[in-house]
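**Q** Fold the following and give me the result.
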Amino acid sequence: MAQSKTITGTVTSSADNLSMPGVTVKIKGTTTAVSTDVNGRYSINAAPGQVLVYSFIGNSPAERTVGAESVINVVLQPDLKSLQEVTITTGFGVRQEKRDLTSSVQVIKGSAVQATQRENFVTALQGRVAGANITSTSGQPGASASIVLRGITSIGASNQPLFVVDGIRVNNDALSQSSLASNGDNRRQDFTNRIADINSDDIENITVLKGADAAAVYGSDAAGGAIIITTKKGRSGNGALTYDNNFSFAKAYRFPEVQNTFGPGSSGNLDPLVRTAFGPAYAPGTQTYDNVRNIFQTGFTQQHDLALEGGNETATYRISTEYRHTGGVLPVAYNDKISLRLAGSAKLSSKLSSSASFNYFNIDNRKLNKGNSGTYINALAWPTNDDVRNYLNPDGSRRTLLPPSIKNVTTDASVDFDNPLWDAHKNISRDKTNRMLGNVDLSFDAASWLNLRALVGIDFYTTNGNNLLSQYSSSYQNSPLNSFAATNGISTGGIIDNYNDNNLLTNGSLFATFKKTFGDFRTTLAVGAEVYDNRDQINGFYGEKFLQPDFNTINNTTPTTQRNSSNFFETRRIGEIARLGIVYKEMLTINATGRQDYSSRLAGTQKSSYFYPSFGAGFIFTELPALKDNKVLSYGKLRFSYAGVGKDPFAPYKIKSSVVQQATTGGGFAYDVTGNNPNLRPEKDYQLDFGAELQFFEGRLGADISFYQYRATDQIFDPRISYGSGYILEFVNGGEIKNRGIEAQLTGIPVKTPNFTWNTFVNFTLNRGKVINLGDLPEYYNSDTWVYANARASIFPGSSLTNIAAYTYARNDKGQILVDPSSGLPISNNTFVTVGDRQPDFTVGFGNSFTYKSLNLSFLFDIRKGGDVFNANELFLTRYGLSARTLDRMQPRIIPGVLKDGNENSANPTVNTIQVTPYYQNTYYSAAMESDFVEHDINWLRLRDITLNYAIPQSVLAPSKVFKSASIFVTATDVFMLTNYSGADPDVNGNNSSTRGSGSAGFDYGTVATPRTISLGLRVKL
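**A** This is a model prediction of the structure:
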């Protein structure tokens, strides 16, 4: 008898050349079998002459006869004829056959996301998901990311999708600064969106449910779609220990251009007591500095992941841990994360099975301020004849830009402004988060036709934040908007603005699923309920005027300046759910879903409950006898879906008036700024979706195309109302919006040989959103988006949902610009009007993967055509004489227009002939119009990421008898960008991701651009 030996190898998919975990490798004719691990590796004892059978759902099985070799690598081919066996995870962790779905769904493998090595895995989905628009709020560690699927669906509420992990909804909130005792806006600090805590190495796959049909299953939180994350839970087979790492280096490479010809002053005169650079030109030979680039450094990141997994036919386990330190491209900024995850599954009996997981996170984030008082704006404004890096005196004290006028250093701060590097080191913004995620899933097969399933999950986190403004700082007092010694009413002597946020999200569901076949009909009926409870308590502590220098505690502030706040929010929903699926001859599918929700946010109204219906139909026309087994068209399906959504208010306690603690003298309570509205109704949203799925040449070419239209009425938003009411805002129903678009996903395998394969995909997205009406309101805006000067995200009846409104030129009846007769300068209309639209014409994600033997090269291009950006950085630089466009200040010019002299609307208006020389008349620049800085039709081509991976051959590893597999990689993200945008980066967000509505994506002000990052690392398995 031949001696058995150890056979090892890797199983990959011909569709994408990625490794395939969970492939069964069995010795033909025996019961001996193993499964491939997370890297697609396997090891089995077999004798020469025996046949190994490789099988995986949705792929054609492969057979290999064992010979003299010890390494057998296999590439599995998709089996389109067994497409009905391919399953994906949808609502409440249920795995459904893909051919039975009647709505738009896209699946991204976790390995593709993990390979990008991004700190926030959400940003890795940009370009990989059709219909998704993902914007990071900055290029700093711990930055949040907002994601919108299929455009804006609500003008006042969040438009981000629901995130679900292993069937349990989890929190993706980012803290709003309005919840702090300082009650600030969302422009000065960033707070991580909590889904970024998830370790991408723990993700098996990501399923994206788009549009309102997802809400029919999950409720109003999923009105903007749902992203379903399935995590790894271990595989049966021999235990395996996997370690991987990456070491990354980030470099900022795009910056606004700052002029270094003219120095501080005004009207051509030297004046060191002003921030503006309208003084005389520097003398020849004057040393100047590139202070913007000089504040940046190389950001260093290291990540280490360790996972132990194994199991048998009845139980599996996986234990994983991660340590990640992300260093910023600006000093002292970092994000440290430690996570531990335990997961497993067990077959407790022939009828009862279970799975469970527990995840713990510890996160420490040190941030830098953004916006008006932020580090970046201070660097832009720092005089170019002074080296920004020289920010300390020899004794370690703060070096001021101006010489001390008196000995009291604290008072000196009132006539200076912060060096950006001193600001980074001395003004602290830091938060620490401890988070726990846990879930249990029980499934009981009561009969061959009946399954009972229960899921319970908990998501609890607590975040402690420390915001300190040094007693020597002039931030908030002398922002770049003010000259030296200007005050805005905020006390000097130091500020502490601390908080703690305790958030508890619990949810569970119970379903009974009936499956029965009647002749040619295959039916499924699921009936169940979901309970959801979210409690969030935010306590804020504020104080001013430190009693002792450099002592970071609220007790160090003067008692008379101290105040605190306590905000408590609780939402509870109960949902009754029914889903019916009917399949006829595996050709025609009918799906229907109904959900009735009861919401505490509408308690006390006549509409405290609301209903979500959805209906879908799918027709696999290649099952027709005339098309079956067609050699060209391998698979074809047409689908249609309709869904209606009810949506409750986006915040609780808006039906009745609530009271808040008062910070004024005497304390006590008073009504909150938001008035009551007992007549509030849920929103009514409707979506139609038509689609087609096609596969040609046995999977070598594929297409998935969707056409959708979304209409929403009774929109809930909070406009400003008359102060005479005693309130500032009120939640109201009003308005109607419409959204429509096209999504297309194209996949192909242009080349496939035994040693070389080329896979490619293209994702195309086109979306148009429009405001039909706003009820009785002429305009609605979110004040957080008012990031700089007079430009903001305002919408009007008939405008785009991603509208930009700003001040522009006053004009006469003929459209001619009106000019001030006393100055020769144009006059502002002092009214917000539409000046731009941030919605692109279309976006494209273009990805490729080339595999030659053990070498794989993959990359992704992100393409955008059109869309407008408000370049507020350039407006700021222009108004302060710092922009390169102000270098022509000595050139006289005449503003084209007519004088506003009373004859402007006559038949013969007075043509302007007044000559202006900006060198002496600085208001030419300082009064620059906001509308001139909205840059239109911005395009870009970005290389989002590129990875080169080399799997070390088994012939090299086998002699060591230690490593089962090993690979090395190099990855680069945000490598380059070709764009017609004049600023640093058009893909920016002036707020954080907690901002509702359309947010402030496309408002470029005080935000660090995404840096270029290169990562190196290895992955080994023992």
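**Q** any low-confidence regions in the stretch 301-450 of the chain?
**A** Within the stretch 301-450 of the chain, the ranges that satisfy pLDDT under 70 run 403-416.
**Q** ok, now with 80
**A** The stretch 301-450 of the chain contains residues with pLDDT under 80 at 372-373, 401-417.
**Q** tell me the helices in it, going along the chain?
**A** 375-381, 409-412, 420-426 (DSSP state H, counting those that start in this stretch).
**Q** Highest mean neighbour count out of these?
**A** helix 375-381 (a mean of 25; mean count of other CB atoms under 10 Å). The C-beta positions use only the backbone N, C-alpha and C, and glycine is treated the same way.
**Q** send the alpha carbons of it over as PDB?
**A** Output of helix 375-381 as PDB, limited to C-alpha atoms (Å, rounded to 0.1, in the frame of the first residue of the first chain):
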ATOM      1  CA  THR A 375      -4.400  74.100  13.300                       C
ATOM      2  CA  TYR A 376      -4.600  74.100   9.500                       C
ATOM      3  CA  ILE A 377      -6.200  77.600   9.200                       C
ATOM      4  CA  ASN A 378      -3.700  79.000  11.600                       C
ATOM      5  CA  ALA A 379      -0.900  77.600   9.500                       C
ATOM      6  CA  LEU A 380      -2.400  79.100   6.300                       C
ATOM      7  CA  ALA A 381      -2.500  82.500   8.100                       C
END
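**Q** got a markdown table for the helices of the stretch 301-450 of the chain, with distance to residue 740 too?
**A** Output for the helices of the stretch 301-450 of the chain, formatted as a markdown table (distance: least, CB to CB, whole Å):
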| stretch | distance to residue 740 |
| --- | --- |
| helix 375-381 | 38 |
| helix 409-412 | 59 |
| helix 420-426 | 45 |
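**Q** show me where pLDDT drops low in the stretch 501-650 of the chain?
**A** When residues are selected by pLDDT under 80, none of them lie in the stretch 501-650 of the chain.
**Q** any idea of the mean pLDDT in stretch 943-952?
**A** Summarised as a single mean, pLDDT over stretch 943-952 is 95.
**Q** which parts of that stretch are buried?
**A** By 16 or more other CB atoms under 10 Å, the buried positions in stretch 943-952 come out as 943-947, 949-951.
**Q** Just the residues contacting it, thanks.
**A** 10, 115-116, 118, 124, 126-127, 854-862, 965-977 (CB atoms under 8 Å, 6 or more residues apart in numbering).
**Q** quick revisit: who wins for proximity to residue 750 among the helices of the stretch 301-450 of the chain?
**A** Counting by CB to CB, residue 750 lies closest to helix 375-381 out of the helices of the stretch 301-450 of the chain; the figure is 44.0 Å.
**Q** List only buried entries from the contacts of stretch 943-952.
**A** Using 16+ other CB under 10 Å, the buried members of these are 10, 115-116, 118, 124, 126-127, 856, 858-862, 965-967, 969, 971-974, 977.
**Q** quick one: the helices in this structure?
**A** With DSSP state H, the ranges of helices along the chain come out as 110-114, 215-218, 291-294, 375-381, 409-412, 420-426, 872-879, 923-926, 954-957.
**Q** Of the ones you listed, which is nearest residue 897?
**A** Per CB to CB, nearest to residue 897 of the helices of the chain: helix 923-926, 13.6 Å.
**Q** Centre of the chain to that closest one, how far?
**A** Relative to its parent chain, helix 923-926 has a centroid offset of 37 Å by CA atoms, centre = their mean, to the nearest Å.
**Q** list the helices and strands that helix packs on?
**A** Helix 923-926 is packed against helix 872-879, with contacts defined by 3 or more CB pairs under 8 Å, 6 or more residues apart in numbering; DSSP states H and E.
**Q** what about the helix it packs on, average pLDDT?
**A** 96.
**Q** Output the contacting helices and strands for it.
**A** For helix 872-879, the elements it packs on are helix 375-381, helix 923-926, strand 1003-1004, judged by 3+ CB pairs under 8 Å, 6+ apart.
**Q** Of those, which is nearest residue 444?
**A** Using CB to CB, the nearest of these to residue 444 is strand 1003-1004, at 52.4 Å.
**Q** Residue 567 - nearest residue in space that isn't next to it in sequence?
**A** When the adjacent residues along the chain are set aside, residue 567 lies closest to residue 538, with 4.6 Å between them (CB to CB, 6 or more residues apart in numbering).
**Q** okay, now the one you found: neighbour count?
**A** 22 (other CB atoms under 10 Å).
**Q** right, and it touches residue 179 too?
**A** Yes. The criterion here is CB atoms under 8 Å, and residue 538 meets it with residue 179 at 4.4 Å.
**Q** Need the overlap of contacts for those two.
**A** Jointly contacting residue 538 and residue 179 under the rule CB under 8 Å, 6+ apart are 499, 501, 565, 567.
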